[in-house]
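**Q** Below: sequence and its predicted model.
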2 protein chains.
Amino acid sequence: MALYVMKFGGSSVGDIERMQRVARRVMEKQEEGHRCVVVVSAMGDTTDDLIDQAKLLDPNPPAREMDMLMTTGEQISIALLSIAIHQLGGKAVSYTGWQAGFRTEPVHGNARITDIQPERVLKSLEEGNIVVVAGFQGMSEDREITTFGRGGSDTTAVALAAAIEADVCEIYTDVDGIYSTDPRIVSCARKLSEISYDEMLELANLGAAVLHPRAVEYAKHHQVKLVVRSSFNKNEGTVVKEDVTMEQGVVVSGIAYDKNVARITIMGVSHVPGVLAKVFGALAQAQINVDIIVQNGVQDGIADFSFTVALGERQKALDVIESIRSQVPYREATSEEDLVKVSIVGAGMVSHPGVAAQMFDVISQQGVNIKMVSTSEIKTSCVIDREKLNDVVRALHTAYGLDTNEQAFVGGPQERR
Amino acid sequence: MALYVMKFGGSSVGDIERMQRVARRVMEKQEEGHRCVVVVSAMGDTTDDLIDQAKLLDPNPPAREMDMLMTTGEQISIALLSIAIHQLGGKAVSYTGWQAGFRTEPVHGNARITDIQPERVLKSLEEGNIVVVAGFQGMSEDREITTFGRGGSDTTAVALAAAIEADVCEIYTDVDGIYSTDPRIVSCARKLSEISYDEMLELANLGAAVLHPRAVEYAKHHQVKLVVRSSFNKNEGTVVKEDVTMEQGVVVSGIAYDKNVARITIMGVSHVPGVLAKVFGALAQAQINVDIIVQNGVQDGIADFSFTVALGERQKALDVIESIRSQVPYREATSEEDLVKVSIVGAGMVSHPGVAAQMFDVISQQGVNIKMVSTSEIKTSCVIDREKLNDVVRALHTAYGLDTNEQAFVGGPQERR
């Protein structure tokens, strides 16, 4: 008998029929002799509909009231799921975030969990209940309702699993697990049976939307064993844990990409060392996240350098650079869109030299120009023209021996949280 | 500067535009120098929609989960109204029932308020906020979310007004105030400027749906001054309070009716005195509410008697009577529908003999047979055939001098809570 936390996202509980399917699934788990805590997101488009209504009233609504508004979405889900379980003859009890003991910072829209007091959840489990907990929400010390921001329900599930010392935290979603790359690009993508937290973090950060990075970080920190699997079938999912059995010959586990990339280039900068600090200090002060930074060869104390930001912050970044021109003389600042960052990720890379070199080689063979490069112990990223994305991903997938004969299953729309 | 509690029902906040109108109305009150607490119901059909979804899953859903589900309706309303006020440049803060300090019995679906801890509401008022509170909901000692049942938002408003010692509790609805009778039947019905709690209680209990009896009882008990007025115009409403200035010559304040009446008649009952206790004891045990009871003349220890129940309990009542036939011998039990109970209500009746006699006279002049009669200090009720309802109400309205020359305003759909 094990203790499970099972998390179902918005599309898994998108309508009454899906809600019933989730109820049956949880009941089956309980009938196998396990204890179950279920974490659910708001149904389908509920959250977006609520946001739309608020924006009709005020394009810039107060964050506190948005938290009051949006948390109703999950509260509806937990009540309906409990009713569905009850209808099947099961015993269920639903708890909002604050009832389940989630305490957070006094921040609205993106609060961090400070403490979980799971006594009520544990007591209800002891009484034979399936405990259904609203994802994405908690309460601050001064009894204000707060939310966790994007990926919030994943975080709820992982944090609760840690607090109640669950054996497994299952993340049910609309895909079968974590794939070696996006199956919409590579139809013979390989479902990974296991992946390490660090690899998952890189993949999550690099645009694979299945698991939110924050939830993975939490899982790594508390050593919560995650399983990512489909809510639409019984296939084995992907296990995310600390130590992963290395498959023979597999150095690269997955290939990720991120289209949300703009490149800014500043040309003809003098006194480079001090200048870098000034430029990136100003960008940081403007809350702009900078990803890759590359400096071109310095000649006579004059150099070009480039960096990437999210597409939505391109103009803001250019404005910041313009605003400091008097302190940081440069010849010209330009920007580029229509780019993509392609990354190979693998825990084995650190002990296998030449993996990155192979990547550059494969990309060159596709006749594609590499615009920027960045590396860490377990990943290498290249920024290239977006139009070449599919060719490059397919070529890398083959080159690193990731192709399989099976057809990947790609389900409905991506989960929102 | 006064302290107001303003309650808006579901149709007053039925859509985004109406929500904005309510926001403006509250802002105006604040701009006049008053402090405002607003209590709102769920928007329009929200509650019914939530109930429908639950019933799709389970025709008999657990009451606890229904409370979890339905309380989201008011939570959405308070958040959106606060956002609307914010958009107008106002300062608003919303509170769920538990946040506003409503403590209740540990009962779901129909909990009574045990205590109100209004410190948080008072503090927010002091900080210059318009405080927006979710109607209809509270929390039990063991932190379970509870609801108050029908009329719950009225009760929230009145109870909160008592707890914070508000000067007035305004109930905004879709009619201009309390009328001398249903304006749909009598177009020249008179809007009452004042009415006593007791009269209002009789009118509320007798089917005038504007105010829930429970809220009126609460107001009477705590001497909360109520004003019933329209959310769609600025007309003066009706003041409900303890001591009402009697208008010259007005003994009867209003005429109410209730179509939800079935009459059960038991004929040929012997040993009547002991039998009455048995019959009504059995009905009470079956949770059937009995209203009027009339016993016909006893002859040789054998009598007939009749009583009224709600239409929906007619068959259940007949079944109960059939089940005790062995203990209570009788010749025959019959039932009648298509009836209506018409009542005249007036605090002055107690000091004006002959008011009831006049009622019987007026009804007889309409050629209508009076089937049952019941009286209290401030009302007299007659059960008659339903087809004669409109004629009788009009004749009584004229006879008691209630007709006016103004046309009554009848707004949109009736408020649900």
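**A** Good, I have the coordinates.
**Q** quick one: buried residues of the longest helix along chain A?
**A** Criterion DSSP state H: the longest helix present in chain A is helix A:63-87. Under the neighbour-count criterion of 16 or more other CB atoms under 10 Å in any protein chain shown, helix A:63-87 has A:64-87 buried. In this view, the C-beta of every residue, glycine as well, is placed from N, C-alpha and C.
**Q** and the residue of the stretch 201-350 of chain A found nearest chain B, what does it touch?
**A** At 17.5 Å from chain B, A:Ser231 is the closest residue in the stretch 201-350 of chain A, using CB to the nearest CB. The contact partners of A:Ser231, taken as CB atoms under 8 Å, 6 or more residues apart in numbering or on different chains, are A:8-9, A:12, A:18, A:21-22, A:25, A:172-174.
**Q** Spell out which residues of chain A are next to chain B.
**A** A:16, A:19-20, A:50, A:53-54, A:56-58, A:61-62, A:64-66, A:68-69, A:71-72, A:75-76, A:78-80, A:82-84, A:86-87, A:92-94, A:96, A:99, A:120, A:143, A:145 (CB under 8 Å from any CB of the partner chain).
**Q** The stretch 301-417 of chain A: helices as residue ranges?
**A** A:314-323, A:355-365, A:389-399 (DSSP state H, counting those that start in this stretch).
**Q** With the stretch 1-150 of chain A instead?
**A** Under DSSP H, counting those that start in this stretch, the stretch 1-150 of chain A gives helices at A:16-31, A:46-57, A:63-87, A:119-126.
**Q** next one: the third one to chain centre, how far?
**A** Averaged C-alpha coordinates place helix A:63-87 at 23 Å from its chain's average position (CA atoms, centre = their mean, to the nearest Å).
**Q** pLDDT on that helix, on average?
**A** Average pLDDT, helix A:63-87: 98.
**Q** And the second one, by the same measure?
**A** Mean per-residue pLDDT for helix A:46-57: 95.
**Q** And the shortest one, by the same measure?
**A** Averaging pLDDT along helix A:119-126 yields 98.
**Q** which residues touch it?
**A** Contacting residues not belonging to helix A:119-126 are listed as A:3, A:35, A:37, A:93, A:95, A:99-101, A:131, A:133, A:160, A:164, B:143 [CB under 8 Å, 6+ apart].
**Q** distance between that helix and the chain's centre?
**A** Using CA atoms, centre = their mean, the distance between the centre of helix A:119-126 and that of its chain works out at 30 Å.
**Q** most tightly surrounded among the helices of the stretch 301-417 of chain A?
**A** Highest mean neighbour count among those (mean count of other CB atoms under 10 Å in any protein chain shown): helix A:389-399, with a mean of 19.
**Q** now that helix against helix A:355-365, angle please.
**A** 130 degrees (axes from the mean of the first three to the mean of the last three CA atoms, to 10 degrees).
**Q** Are there helices or strands packed against helix A:389-399, and which ones?
**A** Helix A:389-399 sits against strand A:254-258, strand A:339-345, helix A:355-365, with contacts defined as 3 or more CB pairs under 8 Å, 6 or more residues apart in numbering or on different chains; DSSP states H and E.
**Q** so what's the residue nearest to A:Ala317 when sequence neighbours are not counted scoring on pLDDT?
**A** In this structure, A:Ala317 finds its nearest non-sequential neighbour in A:Val309, 5.0 Å apart by CB to CB, 6 or more residues apart in numbering or on different chains. You'll see A:Val309 listed with a pLDDT of 95.
**Q** OK, contacts around A:Val309?
**A** A:262, A:264, A:283, A:288-291, A:317.
**Q** Go again with 7 Å.
**A** A:262, A:264, A:288-290, A:317 (CB atoms under 7 Å, 6 or more residues apart in numbering or on different chains).
**Q** in the stretch 101-250 of chain A, what residue is nearest chain B?
**A** For the stretch 101-250 of chain A, CB to the nearest CB, closest residue to chain B: A:Arg143, 6.2 Å.
**Q** okay, that residue: pLDDT?
**A** Per the predicted model, pLDDT is 96 at A:Arg143.
**Q** Can you say which of the helices of the stretch 301-417 of chain A is nearest to B:Ala256?
**A** Closest to B:Ala256 of those, according to CB to CB: helix A:314-323, at 65.7 Å.
**Q** helices or strands next to that closest one in the packing?
**A** Judged by 3 or more CB pairs under 7 Å, 6 or more residues apart in numbering or on different chains; DSSP states H and E, the packing partners of helix A:314-323 are strand A:262-270, helix A:272-285, strand A:332-336.
**Q** Just the residues contacting the shortest one, thanks.
**A** When contacts are defined by CB under 7 Å, 6+ apart, strand A:332-336 is touched by residues A:262-268, A:314, A:318, A:321.
**Q** try 10 Å
**A** Under the criterion CB atoms under 10 Å, 6 or more residues apart in numbering or on different chains, residues A:261-269, A:279, A:304, A:306, A:308-309, A:314-315, A:317-318, A:321-322, A:325, A:371, A:383, A:385 lie in contact with strand A:332-336.
**Q** All good on my end, thank you.
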